[in-house]
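Visitor: Coordinates for the following, if possible.
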Amino acid sequence: MSEHVSSLKLYIGIWITLLIGTVLTVVVAKIPLGPFNAVVALSIATIKATLVVLFFMHVKYTHEKLTRVVIISALCWLAILLALSMADYATRLW
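Guide: Okay, the predicted model is just below:
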C-alpha cells in the first residue's frame, strides 16, 4: 500500500481556508438573518468539517470502498440530523 504525501503548501492553504471560515462564521453571526442564522452557521461548519476529514484525515486519497461507504453514510446521517433540527427549530413558538 503506497501512502500519499501532501505538500506543505496544500496544508497551509487548507488551514487558511479554515481560518477564513471561522472569521466568516463570526461575521455572519453578527448579521441578523432571523431563523437562517443557524442554517448559515451549520453550513459553514459542515464545509469546514468536510475539509478536515478530506485532507487532514487523508480520506480524499483512499481507494477503499468501505471508506467511501462510511463517508457517504455519515453525510446522509448529517443531512437527516440537520433537516430534523431545522424542522424543530422552525416550528418552535418562541
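Visitor: which residues are in contact with stretch 36-45?
Guide: Stretch 36-45 has contacts (C-beta atoms under 8 Å, 6 or more residues apart in numbering) with 21, 24-25, 28-29, 31, 33, 82, 85-86, 89. C-beta: built from backbone N, CA, C; applies to glycine.
Visitor: chain center to the one helix or strand I14 maps to, what's the gap?
Guide: Secondary structure assignment for I14, by DSSP states H and E: helix 8-29. Helix 8-29 sits 12 Å away from the centroid of its parent chain (C-alpha atoms, centre = their mean, to the nearest Å).
Visitor: picking up where we left off before, just send the contacts of stretch 36-45 back as JSON lines, with neighbour count too.
Guide: Output for these, formatted as JSON lines (neighbours: other C-beta atoms under 10 Å):
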{"residue": "G21", "neighbour count": "16"}
{"residue": "L24", "neighbour count": "15"}
{"residue": "T25", "neighbour count": "16"}
{"residue": "V28", "neighbour count": "15"}
{"residue": "A29", "neighbour count": "13"}
{"residue": "I31", "neighbour count": "9"}
{"residue": "L33", "neighbour count": "12"}
{"residue": "L82", "neighbour count": "15"}
{"residue": "S85", "neighbour count": "13"}
{"residue": "M86", "neighbour count": "15"}
{"residue": "Y89", "neighbour count": "11"}
